[in-house]
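> With the sequence up front, the predicted model follows.
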Amino acid sequence: MPTLHLTGEPDADRLLSESPLALLIGMLLDQQVPMETAFAGPEKLRVRMGGTLDARTIADADPEAMAELFKESPAIHRFPGSMAARVQTLCRTIVDDWHGDASAIWTEGEPSGAEVLKRLKALPGFGDQKARIFLALLGKQYGLDAEGWEQAAGDYAQPGSFRSVADIVDHESLLTVRAHKKAMKAAAKG
């Protein structure tokens, strides 16, 4: 089992390490909020759902009730209503296409890195960049050894690149990734 250090919160990091579903939800939430906030979201959701994080339970939950769980203070995301709906849609896809097992996306049938990338990009809320970052996270920290994952993940697979959440292993690397992202945004604006 991997030991991830993405949030600075032991319970949230433990859940991410143990639950492929939590890791996928965290990645989905990783937009327009700090990385630690996004990846701490699954633990907040687990606690608010009575201690379980299950794709079918989330997918089948009443949408308004799910939105309320996301809005509870502190909110799970900056946009709690829309992100609650996105998480439910992701979980419905995992139930319908992957038998409720998030890890099947990267384990079922011993897929190549290119196939894992294709499967990730088919998930709601996972565009090309998010899918490549998640693939790099799986390869660098989650034990994925699918053939060709490095090529499929592209630049995010480079060792020591500090481009994304895939490179965060402690507080120092979090700060390095944050500085890299800030520099990239500044360069894009300039």
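Great, that's in hand.

> Quote the end-to-end distance of stretch 120-133.
Distance between the boundary residues of stretch 120-133 (Cα to Cα, to the nearest Å) amounts to 10 Å.

> mind listing what's buried in it?
Using 16 or more other Cβ atoms under 10 Å as the burial criterion, the residues of stretch 120-133 that qualify are 120-121, 123, 125-126, 130-133. No exception for glycine: its C-beta is placed from N, CA and C like everyone else's.

> Mean confidence (pLDDT) on that stretch, please.
Across stretch 120-133, pLDDT averages out at 97.

> any residues touching it, and which ones?
Around stretch 120-133, the neighbours that count as contacts under Cβ atoms under 8 Å, 6 or more residues apart in numbering are 24, 27-28, 30, 86, 89-90, 93, 97, 105-106, 117, 134-135, 152-154, 156, 164-166.

> Relative to the whole chain's centre, how far out is that stretch?
Offset of stretch 120-133 from its chain centre (Cα atoms, centre = their mean, to the nearest Å): 10 Å.

> so where is this protein shaky, pLDDT-wise?
1 (pLDDT under 70).

> if I pick the residue nearest the centre of it, what's in contact with it?
In the chain, the centroid-proximal residue (Cα atoms, centre = their mean) is residue 27; its distance is 2.0 Å. By Cβ under 8 Å, 6+ apart, the contact list for residue 27 reads 38-39, 126, 130, 133-134, 137, 165.

> Quick check: the farthest pair among those residues?
The most widely separated members of these, counting by Cβ to Cβ, are 39 and 126 (15.3 Å).

> coming back round to it: from the contacts of residue 27, which land in strands?
Counting by DSSP state E, no part of the contacts of residue 27 is found in strands.

> Same list (the residues you listed) but as JSON lines, adding distance to residue 179.
Converted to JSON lines, the contacts of residue 27 look like this (distance: Cβ to Cβ, whole Å):
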{"residue": "38", "distance to residue 179": "18"}
{"residue": "39", "distance to residue 179": "18"}
{"residue": "126", "distance to residue 179": "25"}
{"residue": "130", "distance to residue 179": "21"}
{"residue": "133", "distance to residue 179": "17"}
{"residue": "134", "distance to residue 179": "22"}
{"residue": "137", "distance to residue 179": "19"}
{"residue": "165", "distance to residue 179": "14"}
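
> and those residues, which of them are in helices?
38-39, 130, 133-134, 137 (DSSP state H).

> Weed out the non-buried ones from the contacts of stretch 120-133.
Applying 16+ other Cβ under 10 Å to the contacts of stretch 120-133 flags 24, 27-28, 30, 86, 89-90, 93, 105-106, 117, 134-135, 152-154, 156, 164-166 as buried.

> re the thing from before, what about the contacts of stretch 120-133, which are in strands?
Short answer: the contacts of stretch 120-133 have none in strands (DSSP E).

> Quick check: residue 61 touching residue 88?
Yes: contact between residue 61 and residue 88 holds when scored by Cβ atoms under 8 Å: they sit 6.8 Å apart.
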